[in-house]
Every structure is written in structure tokens, then in C-alpha cells.
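Trainee: Kindly generate the corresponding structure for this input.
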Amino acid sequence: MEHKIRVLVAKPGLDGHDRGAKVIARALRDAGMEVIYTGIQQTPEMIVEAALQEDVDVIGLSILSGAHMTLLPRVMQLLREQGMDDVLVVAGGIISDDDARVLKMQYGIAEVYGPGASTLEIARFIQERCATKA
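Mentor: Reported below is the predicted structural model:
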């Protein structure tokens, strides 16, 4: 039996807009992944604890509030502290190109997607990255 990719989709911070996160969660589910959606207004600690409990391969963070340069690095720090360096982390939302570069190069976010990103492209990226880990 083939291992299903387990993805945690989370909305860090006080952002209450979750339509994009739900669209991504549905698209990943349709692509054959097992998706756990945590809902809105999650702290970095809650996200990492859920990822640990659910034994996920991937965390998808959706953020529109502008707090991405605080919340996303904190998630990455907590993952390292838990020894979860092998979890693939992707982000999406309203994130400038400059901030996206910093999140990727300095903090280890694998990819950052903006509004209008192709759900097929996101699913393919996750599948390819998880296939190379297996």
C-alpha cells in the first residue's frame, strides 16, 4: 500500500479569511493527499503540536494578515526544536517577493505561493518533494 502524503493546512495568527486555505485543502485532497485543516487563528505552537500529533509530511501555512515575517519563522523554529526538520513547509497568501525570498533562504520555507497560484502546481510541487524524501 502506497504512503499517502499527510498535509496539515493551517491559518496562523489573527487572520480570519480562510477561503484560500479551504480551496488548497480541497485541491490537495483531490490530488490524493490526506489533509488535516486546523481552522483559523492558530498559534505557531498549536500548528506545530498538531503537526507532531498528526505525523504530517507537509505543513501548508496560509496567511493574509501581514504577520508572516513573525509567525512563519516561529513555526520553523518550533519545528526544529521538535526535531521535525524533515517536514516540508509551504506558505501562501499576501507575501511580497522580498519577504518570500527571506522566508525561503533564511528560514527554510520550501515555497511561497501568492494569490492566483495554480492548485495543480502546488500539488505537483508537494508530490515531487515528498517523492524525493521517500
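
Trainee: Residue 27: what's it in contact with?
Mentor: 119, 120, 122, 123 (CB atoms under 8 Å, 6 or more residues apart in numbering). Using the backbone N, CA and C atoms, a C-beta is placed for each residue, glycine as well.

Trainee: The third one contacts residue 113, correct?
Mentor: Yes. The pair formed by residue 122 and residue 113 meets the contact definition of CB atoms under 8 Å, at 6.0 Å.

Trainee: overlap in contacts of those two?
Mentor: Shared contacts of residue 122 and residue 113, counting by CB under 8 Å, 6+ apart, come down to 90, 92.

Trainee: before we move on, back to that, buried only: go through the contacts of residue 27 for me.
Mentor: Neighbour counting by 16 or more other CB atoms under 10 Å classes 122, 123 among those as buried.

Trainee: Could you dump the contacts of residue 27 into TSV with secondary structure added?
Mentor: Formatted as TSV, the contacts of residue 27 follow (DSSP: H, G, I helix; E, B strand; the rest coil):
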residue	secondary structure
119	helix
120	helix
122	helix
123	helix
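
Trainee: Looking at the contacts of residue 27, which one is closest to residue 3?
Mentor: Nearest to residue 3, judged by CB to CB, of the contacts of residue 27 is residue 123 at 15.9 Å.
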